[in-house]
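[1] A structural model of the following input is requested.
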Amino acid sequence: MNRARSLIKYSFTRLALAPIMLLLISTLVFFLLRIAPGDPVDAILGNRADFAAREALRIKLGLDMPLINQYFNYINGLIHGNLGESLNNQEPVIQIIGKLLPASIELALIALIIALIIGFSVGFLGIARPEGKTDLAVRLFGIGTYALAPFWAAMLFQIFFSVILGWLPVGGRFPPELIPPEGTGFFIFDSLINGDTTSLYGSVRHLFLPAATLGILLSGVFSRSLRLNLEQILNTNYIQAARSRGIKENNVILYHALPNAMLPILTIAGLTIASLIGGALLIEVTFSWPGIALGLQEAINQRDYPMVQGIVVVISSLVVLISLFIDILIAFIDPRIKY
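    Residues are numbered from 1 along each chain as shown. A predicted model of the protein is given here:
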């Protein structure tokens with residue numbers, strides 16, 4: 001009963017701190033954008049526009065107001081769920097993000113599945129044959145995939161699988177000659193619901209290469225984490241006791257060691273999901289994937305303040321919420337955690 005009460009108190013405390021963290025992040029982004037070099041008016045009209053046109057646009061965009069007034073208007077909009085309008089096309093930022101986010105989530109989920117499959121397979125392979133050539137190869141794989149530059153690895157995959165072999169598209173999310181499936185914005189899901197095998201095939205072909213690239217780069221994190229955690233746990237007293245009772249080694253690893261090794265990996269997985277949505281910028285740019293990271297890069301180049309602020313707020317919110325969920329889940333699962 002005391003543990004349940006403590007867990008509820010801990011959850012509410014974390015929930016209360018989340019808006020404060022988001023406010024700090026939003027404030028930091030707001031002021032960093034204003035002090036960064038570049039003018040959104042120049043990005044929209046160009047440097048050769050006359051003074052009258054520049055001032056008229058500045059007034060229209062609300063950039064003529066004092067900075068503190070712009071800040072309070074921005075915070076007031078956030079409180080009411082209004083992320084503002086894009087400076088370039090006057091479209092609500094929330095609508096633009098709603099179009100971009102499904103592409104990033106779809107890419108992130110498939111990449112995470114690939115990373116978990118490869119990472120766990122490689123990690124188990126290393127722990128099954130410790131201190132040998134296989135274990136050395138597993139360690140080198142973990143270090144190598146983590147150290148690879150994403151854009152360089154992406155270009156290598158593009159050259160090999162798209163240019164040389166011609167198996168997969170170089171970039172994009174959907175065949176340009178086809179009409180994308182309507183629905184949720186998740187093309188694979190929408191294609192399955194509509195029973196459109198042509199759209200499904202086109203979506204999978206375009207998704208596979210960027211998702212596989214990102215998944216392979218992330219798999220090393222999971223393989224190393226699983227390998228190190230299992231190695232520590234297999235040397236503990238309760239594992240030695242299980243072995244002394246004659247339990248098979250596979251069952252010792254699977255039923256006794258693995259559940260405890262999964263707790264830190266669960267934390268890594270949660271943070272990886274959140275970071276994938278907004279942190280796959282180089283992958284999205286290299287593969288021309290129309291997700292939220294590519295949208296952020298374009299908004300920064302165009303000095304589109306509301307768009308940049310809105311994307312950062314959405315990504316930050318996802319990171320905070322997923323981190324909160326993972327922390328509460330681990331606290332609920334593991335009775336050893338004090339809070």
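[2] next SSE after the helix or strand of the chain with the lowest mean pLDDT?
    The least trusted helix or strand in the chain, going by mean pLDDT, DSSP states H and E, turns out to be helix 258-279, with a mean of 68. Remark: after helix 258-279, the chain's next helix or strand is helix 281-286, criterion DSSP states H and E.
[3] buried set for the helix or strand where Gly119 lies?
    Assigned by DSSP H and E, Gly119 belongs to helix 93-128. Neighbour-count burial for helix 93-128 flags 93, 96-97, 100-112, 114-116, 118-120, 122-127 (criterion: 16 or more other Cβ atoms under 10 Å). For the C-beta atoms, the positions are set from N, CA and C on the backbone; glycine is no exception.
[4] got it, and stretch 50-60?
    Arg54, Leu57, Arg58.
[5] and what of stretch 25-43?
    Across stretch 25-43, burial judged by 16+ other Cβ under 10 Å covers Ile25, Ser26, Val29, Phe30, Leu33, Pro40, Val41.
[6] do stretch 191-209 as well
    Ser191, Leu192, Asp196, Ser199, Leu200, Gly202, Ser203, His206, Leu207, Phe208, Leu209.
[7] show the average pLDDT along that stretch.
    Taken as a whole, stretch 191-209 has an average pLDDT of 90.
[8] do the same with stretch 117-134
    The pLDDT scores in stretch 117-134 average 78.
[9] swap in stretch 320-334?
    pLDDT averaged over stretch 320-334 gives 77.
[10] and if you look at stretch 91-100?
    89.
[11] contacts for it?
    Here stretch 91-100 makes contact (Cβ atoms under 8 Å, 6 or more residues apart in numbering) with 81-86, 185, 290-292, 294-295, 306-307, 309-311, 314.
[12] coming back round to it: any chance of the buried residues of stretch 25-43 in TSV, with distance to Ala49 too?
    Shown next, in TSV, are these (distance: Cβ to Cβ, whole Å):
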residue	distance to Ala49
Ile25	34
Ser26	31
Val29	27
Phe30	26
Leu33	21
Pro40	12
Val41	8
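[13] now these in TSV, with distance to Ile216, pLDDT and secondary structure?
    Putting the buried residues of stretch 25-43 into TSV (distance: Cβ to Cβ, whole Å; pLDDT from 0 to 100; DSSP: H, G, I helix; E, B strand; the rest coil) gives the following:
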residue	distance to Ile216	pLDDT	secondary structure
Ile25	30	86	helix
Ser26	34	86	helix
Val29	31	85	helix
Phe30	37	85	helix
Leu33	34	79	helix
Pro40	38	75	helix
Val41	43	74	helix
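[14] which one of those residues sits closest to Ile239?
    Of all the buried residues of stretch 25-43, Ile25 has the smallest distance to Ile239: 42.2 Å, by Cβ to Cβ.
[15] from the contact counts, what lies against the helix or strand encompassing Phe157?
    Taking DSSP H and E as the definition, Phe157 sits inside helix 150-157. Counting contacts by 3 or more Cβ pairs under 8 Å, 6 or more residues apart in numbering; DSSP states H and E, helix 150-157 packs against helix 197-233, helix 281-286.
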